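Participant: Next come a sequence and a model predicted from it.
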Amino acid sequence: MTVDLFAGIPVRDYTVAVAWYERLLGSPPSFLPNDTEAVWELAEHRYVFIEVRPEHAGHALHTVFVEDFDARVSRIAERGLKPDVRETYANGVRKATFRDPDGNEIGLGGGPAD
């Protein structure tokens, strides 16, 4: 049985949010289900989407663990976004937290540095 994951992020301004997430994720949305949502496929059967829901904007907390942590954070920086917070935990696991224009937190996690 295949399971698809759709992680939602409420936003206030669709146009501003799409532009910001394109910079963060490095591509335009994978598909647009309607006028108030945009969806990016992060990996097979794993999606993140924005949806205009102003009353809930700014409350999302998502972390995506990636194998290529350093390279990914560098590519995002080349597109003009820098993490608001960078952390390294006692076990060496690293996290870079980005905040979108509404204050939603999108973290990238990675294993210990080589």
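Facilitator: Sure thing, it's come through.

Participant: alpha carbons only for contacts and neighbour counts from here, please
Facilitator: Fine.

Participant: I'd like to know which elements the lengthiest helix in the chain is packed against.
Facilitator: Of all the segments assigned as helix in the chain under DSSP state H, the longest by residue count is helix 14-25. Contacts defined by 3 or more C-alpha pairs under 8 Å, 6 or more residues apart in numbering; DSSP states H and E place helix 14-25 against strand 46-52, helix 69-78.

Participant: what is the rounded mean pLDDT of the first one?
Facilitator: Pointing back at strand 46-52 there. The predicted model assigns strand 46-52 a mean pLDDT of 98.

Participant: try the longest one
Facilitator: Summarised as a single mean, pLDDT over helix 69-78 is 98.

Participant: and for it, what are the contacting residues?
Facilitator: Under the criterion C-alpha atoms under 8 Å, 6 or more residues apart in numbering, residues Arg23, Leu24, Leu25, Gly26, Lys82, Ala96, Leu108, Gly109, Gly110, Gly111 lie in contact with helix 69-78.

Participant: Okay, now the unreliable bits of the chain?
Facilitator: For the chain, no stretch has pLDDT under 70.

Participant: how many neighbours does Pro112 have?
Facilitator: 13 (other C-alpha atoms under 10 Å).
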